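K.L.:
Need coordinates for the below:
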Amino acid sequence: MFKIKTLPVYCTAAFFTVILCLSCSSGPSAKKTAEPDWVSDPYKVYNRAIYIAAVGYGGSRDAAEKSALTNLTSIFGQSISSETRTDYTYTQAVQASSFVWSEKSDLEQAVKTSVAMDTLIGAEIKDVWKSPDGEWYAAAAMDKAKTNMIYAELIQQNLETIGKLTRLSAAERQSFEGFLNYYQAANLADANLVFGNVRNVISPGSMAGENLKTGNDYRLEAAQIARNIPIAVNVENDVQNRIKGAFSSTLTRAGFLTGGAGGRYTLSATLSLNEVEYPNSPYRFIRYIVDANLIDTTTGIVLFPYNINDREGHANLSEAQNMAIRAAETRINNDYLKALQGHLSQGKK
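P.N.:
Residues are numbered from 1 along each chain as shown. From the prediction side, this is the model:
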């Protein structure tokens, strides 16, 4: 006959305590470290019919979220990074348009986007997870219906703003303001093409029948206006008209007429050349300063201020002066047009 040996009470208690501890330690821990379904495929969690989604990862939560948004953006293809790269931001255009948004909640967030589309309107970080090895994962998603509605409204508001900007009288079409208006319209048209591409991905066929003009359509009209706007160029203390020549050539490249006097617009500039002494240097240094203002002479308003300065050195003072003038010419030739276009792209103040 077998005998059942009874364990002491303290052994029995210890045994059940160990079992209890093991069960407690394994349960929640497993839940914490289990990989969410969306990590391997976001559409396991986010219904493909409702969302566009992507996953990103990185060494930190911030890096993972940025990676997720970047991957979400890439779904829309290369065009999302801008068909025509500009320095224009959508917020600036909205401010310039004097349009008052009717639905502030969504649209205030919406105008934070740019033509570069560094971020997508409607994109949200839906979930994050940190793996046991310390890697962070994030899921980014866009609600198709809501986002499509926002983009449709943005396109419509852009079209209305473009209409306001380009409804010009004959006199306005011969003005710098008219040129600037068409330049702004071109930027808004660039934005619309990108917004339209997003809508086509979110809702294929949603842009059917839409005939959006490109930014270049408006830039061609802006160039036509520019050809009818003469700008006189005057430079005080110039040396052999070298600084005047640099400004004139850049304005010509922008499409404007130059020369003449008595017109509405003048680029008024001053060249200053001053010796700078450095007692311990064997070289002679000349500092150049160019101050220039593009002025509407009928109002006295400065449309675009421009300033450059630097120094050049040489063993010979005369050569140092020649180098300074040459450096000023080069900077004007290389930088003035970019600076002017950047100023125009920001819209009217």
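
K.L.:
downstream neighbour of the helix ranked longest in the chain in the secondary structure list?
P.N.:
Longest helix in the chain by number of residues, with DSSP state H as the criterion: helix 176-202. Per DSSP states H and E, the first helix or strand lying C-terminal to helix 176-202 is helix 215-226.

K.L.:
outside of stretch 44-61, which residues touch it?
P.N.:
Outside stretch 44-61, the residues that touch it by CB atoms under 8 Å, 6 or more residues apart in numbering are 36-39, 42-43, 63-72, 74-75, 126-128, 130, 134-145, 201-202. For the C-beta atoms, the positions are set from N, CA and C on the backbone; glycine is no exception.

K.L.:
Narrow those residues to those in strands?
P.N.:
By the criterion of DSSP state E, membership of those in strands covers K126, D127, V128, K130, W136, Y137, A138, A139, A140, A141, M142, D143.

K.L.:
Touching, the last one and G122? I think so.
P.N.:
What it means is D143. Yes. Between D143 and G122 there is a contact at 6.6 Å, judged by CB atoms under 8 Å.

K.L.:
out of the two, which sits in the more crowded spot?
P.N.:
Set side by side, D143 and G122 show more neighbours around G122, with 22 against 17, by other CB atoms under 10 Å.

K.L.:
Which helix or strand contains the closest residue to that one other than its chain neighbours?
P.N.:
Excluding the flanking residues, the one nearest G122 by CB to CB, 6 or more residues apart in numbering is T147, at 3.4 Å. Per DSSP H and E: T147 is located in helix 144-166.

K.L.:
Pull out the buried residues from that helix.
P.N.:
144, 147-155, 157-158, 161-162, 165 (16 or more other CB atoms under 10 Å).

K.L.:
Distance from that helix to the middle of the chain?
P.N.:
18 Å (CA atoms, centre = their mean, to the nearest Å).

K.L.:
same for it, what does it pack against?
P.N.:
Judged by 3 or more CB pairs under 8 Å, 6 or more residues apart in numbering; DSSP states H and E, helix 144-166 is in contact with helix 90-97, helix 104-110, helix 176-202, helix 215-226.

K.L.:
Spit out the contact partners of D296.
P.N.:
F176, R264, Y265, L303.

K.L.:
of those residues, closest to V233?
P.N.:
The shortest gap between V233 and any of the contacts of D296 belongs to Y265, at 9.9 Å (CB to CB).

K.L.:
That closest one contacts N293, doesn't it?
P.N.:
No. Taking contacts as CB under 8 Å, Y265 lies outside contact range of N293: 10.9 Å.

K.L.:
Looking at the two, which has the bigger crowd around it?
P.N.:
For Y265 versus N293, neighbours defined as other CB under 10 Å are more numerous around Y265 (20 against 16).

K.L.:
And what about the nearest residue to the more buried one once chain neighbours are set aside, helix, strand or coil?
P.N.:
Excluding its sequence neighbours, the residue lying closest to Y265 (CB to CB, 6+ apart) is I231, at 4.6 Å. Per DSSP: H, G, I helix; E, B strand; the rest coil, the secondary structure class of I231 is strand.

K.L.:
what's the helix or strand encompassing D310 packed up against?
P.N.:
In this assignment (DSSP H and E), D310 forms part of strand 301-314. If contacts are counted by 3+ CB pairs under 8 Å, 6+ apart, strand 301-314 sits against strand 284-296, helix 317-331, helix 337-345.

K.L.:
Pick the most buried one from those.
P.N.:
Comparing the helices and strands packed on strand 301-314 by mean neighbour count (mean count of other CB atoms under 10 Å), strand 284-296 comes out on top with a mean of 19.

K.L.:
Where does pLDDT dip in the chain?
P.N.:
Counting by pLDDT under 70, the chain has low-confidence residues at 1-33, 77-120, 344-349.

K.L.:
Is D127 in contact with A64, as I believe?
P.N.:
No. Using CB under 8 Å, D127 is not in contact with A64, being 10.5 Å away.

K.L.:
any common contacting residues for these two?
P.N.:
Residues touching both D127 and A64 (CB under 8 Å, 6+ apart): A138.

K.L.:
Show me which of these two is the more surrounded one.
P.N.:
The residue with more neighbours, out of D127 and A64, is A64; 24 against 17, by other CB under 10 Å.

K.L.:
list the contacts for the more buried one?
P.N.:
Per CB under 8 Å, 6+ apart, neighbours of A64: G56, Y57, G58, V128, W136, Y137, A138.

K.L.:
Quick check: bridge partners of the first one?
P.N.:
Right, the one you point to is G56. Beta bridges link G56 to A138, judged by DSSP bridges.

K.L.:
How many residues are close by it?
P.N.:
21.

K.L.:
just the fifth one next, same as before
P.N.:
If you count neighbours by other CB under 10 Å, W136 ends up with 20.

K.L.:
Roughly how far does it sit from L220?
P.N.:
48 Å (CB to CB, to the nearest Å).

K.L.:
Tell me which of the helices and strands packed on strand 301-314 sits nearest to L212.
P.N.:
helix 337-345 (19.5 Å).

K.L.:
the inter-axis angle of the closest one versus helix 176-202?
P.N.:
Following axes from the mean of the first three to the mean of the last three CA atoms, to 10 degrees, one obtains 80 degrees for the angle between helix 337-345 and helix 176-202.

K.L.:
tell me what helix 337-345 is packed against?
P.N.:
In terms of contacts (3+ CB pairs under 8 Å, 6+ apart), helix 337-345 is packed against helix 176-202, helix 242-253, strand 301-314.
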